[in-house]
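Participant: got a structure for you, letters missing:
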C-alpha cells in the first residue's frame, strides 16, 4: 500500500542567526557549505534554512559535547544517537548519505535509509549505522523542517470484542488518533456478563463504533494499512463478531489482518503514545503484573513479541474475587469499582482474612472468598446489622488482603529475576489501592514503575492496535480462515 504523508511538529529548538553560529577552524568545515574533507565527515543541520554544524548546536543548547578525533569513524553516528536522545522521539529527520570516492572525492552515489523518500526516524539509528559502516568515506547531512515535516506512517485499526465492551481505535504507528468504547449496561441486572446478550450487543455496536473511530481519527477506510483484531481469549460469541468484521473489512479494502492475544494487549498498553504527551515506556526486559477479571499473571516481557509467564492463578482471577465479594456483600456488579470506592473510607486493618500458601509465583484466590463468606455468615448470626454497619471496613480489609497476595508474589519475582522495571495492566490495574501500593514499593525499592492511564486499563482497542502494530512490523499476517479461540491454551 502506498504510504501517505503525515504531519508532526518539528522540535522546539532555538533558531540561530549566522552571527550566532559558532565558527570552527581547521577541521575542513565551511559553515553554510556543502561538504567536509576526506577523513572528517560533515554533519550539518538546517534550521530555518541556516546551515549549522550539529555538534555546536548541541553544545549551544546545553547538551554535553562529544569530543571526537579526526580518526573517529563513528563521529556522525554518535552525534545522531545523542541527538535522538535530546530531541523528542517523534522528531523525524531528513537524511542524505553521500558516498564519495576516496581519491577523487567526487560524489559516487546518493544512498538513503528509506528508498526514494529520504525520511527516517531516530528510532532507526541502527539502519543509518548499517549503511554508514559499510562505506569508507561518507558525508552525513540532516535537515529539520522548522514547523511541519512529512513522515511516512502506518495506520492501524484495532478491534476489541472479547467480552462486554465493543471498541475500535486508530493508531498512526503507536500514536493514538482515536479510541471508542461502547459498554453494555444490559448485564448489570444479571450480576455478571451473559455471553449471548454480549454477542448480540456486539453485532449492534460494531459498525457504529468503527465508523466513529475512523471519523474521530480523520481517517478514511482506504487510508488504513492493516486491521488488528482480538482473536482471544474471551467469550467465543463476542470474539466471533470482531473477527468476522475484521475479515470482511480486510477483504473489501484488500489490506492485511493481524491477530492479537487479548492479554498481550494489556501487557503492551504502556506503549500506546498520545499526541502532545511525553513518551515514557518500559525498557526490556520488564515485569508486568497482569490483573483482570479473567486472568492474574506475572509476565516477563523480553520484547514486544517475546513473553514468559512466571506465575499465574491456579483457580480464580483477582477480578473474579472482587466481583464475588461484591455479590456477597450485596454491592452489585461490577464489584471492583464499588469495593475500591468504599475501601477508601474503611479501615484496612480491621479484619483479617486467610491468605493462601501456594509455592512458586502462582496465585490462588478461591480461599480468600471462602474466608470472607464464612466470616460474614458467622458475624451476621451474632449481629444481623453487622454487614450494614461494617461495609466499608470489610471492603478495605478484603481489598488489602488481595493486594498483599498480589504484591508478595511480585516482590518474589523481582528478587528472582533482578528486574526493576515494573508495569501493571488489566482491568484491576485501575484499583487505586493497587496503584498506590505499586508506586510505594517502587519508591522504596528503586523500581521504575509504569501505571497505565485509567482509559487503557479496561478492555480497549488502542491496546489491541499497539500490539497489532508490533506484529505487523514483524511481518506477521492472519489468514482469512482464522477462527477465534476462547482459551489462552488454544493459541
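Facilitator: That came in fine, so what should we check first? Given the structure is predicted, the values throughout are model-derived calculations rather than measurements.
Participant: Next, count neighbours for residue 288.
Facilitator: When neighbours are defined as other CB atoms under 10 Å, residue 288 has 28 of them. In this view, the C-beta of every residue, glycine as well, is placed from N, C-alpha and C.
Participant: what's near enough to touch it?
Facilitator: The neighbourhood of residue 288, defined by CB atoms under 8 Å, 6 or more residues apart in numbering, consists of 267, 298, 299, 301, 422, 423, 424, 425.
Participant: And these, which is closest to residue 343?
Facilitator: Nearest to residue 343 out of these is residue 424 (CB to CB; 17.8 Å).
Participant: Kindly indicate whether that closest one is helix, strand or coil.
Facilitator: At residue 424 the chain is in strand, as set by DSSP: H, G, I helix; E, B strand; the rest coil.
Participant: Compute the first-to-last residue distance for stretch 304-321.
Facilitator: 30 Å (CA to CA, to the nearest Å).
Participant: Quick one: low-confidence residue ranges for the chain.
Facilitator: By pLDDT under 70, the low-scoring segments of the chain are 1-152.
Participant: Now with 80, please.
Facilitator: Low-confidence segments of the chain (pLDDT under 80): 1-153, 185-192, 489-491.
Participant: ok, which stretches of it are helices?
Facilitator: Secondary structure of the chain (DSSP state H): helices located at 54-60, 75-86, 125-132, 195-217, 236-253, 262-267, 318-328, 335-343, 366-382, 386-389, 391-417, 432-445, 461-473.
Participant: will you turn these into JSON lines that also has mean neighbour count?
Facilitator: Output for the helices of the chain, formatted as JSON lines (neighbours: other CB atoms under 10 Å):
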{"stretch": "helix 54-60", "mean neighbour count": "19"}
{"stretch": "helix 75-86", "mean neighbour count": "19"}
{"stretch": "helix 125-132", "mean neighbour count": "16"}
{"stretch": "helix 195-217", "mean neighbour count": "18"}
{"stretch": "helix 236-253", "mean neighbour count": "20"}
{"stretch": "helix 262-267", "mean neighbour count": "27"}
{"stretch": "helix 318-328", "mean neighbour count": "23"}
{"stretch": "helix 335-343", "mean neighbour count": "20"}
{"stretch": "helix 366-382", "mean neighbour count": "15"}
{"stretch": "helix 386-389", "mean neighbour count": "13"}
{"stretch": "helix 391-417", "mean neighbour count": "19"}
{"stretch": "helix 432-445", "mean neighbour count": "15"}
{"stretch": "helix 461-473", "mean neighbour count": "28"}
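Participant: mind putting the ones you listed in TSV, distance to residue 186 included?
Facilitator: Output for the helices of the chain, formatted as TSV (distance: least, CB to CB, whole Å):
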stretch	distance to residue 186
helix 54-60	58
helix 75-86	49
helix 125-132	50
helix 195-217	5
helix 236-253	13
helix 262-267	21
helix 318-328	17
helix 335-343	18
helix 366-382	26
helix 386-389	28
helix 391-417	26
helix 432-445	27
helix 461-473	20
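Participant: For residue 289, find the nearest of these.
Facilitator: Closest approach to residue 289 among the helices of the chain (CB to CB): helix 391-417, 5.4 Å.
Participant: Run the angle between that closest one and helix 318-328 for me.
Facilitator: Angle of helix 391-417 versus helix 318-328, following axes from the mean of the first three to the mean of the last three CA atoms, to 10 degrees, is 170 degrees.
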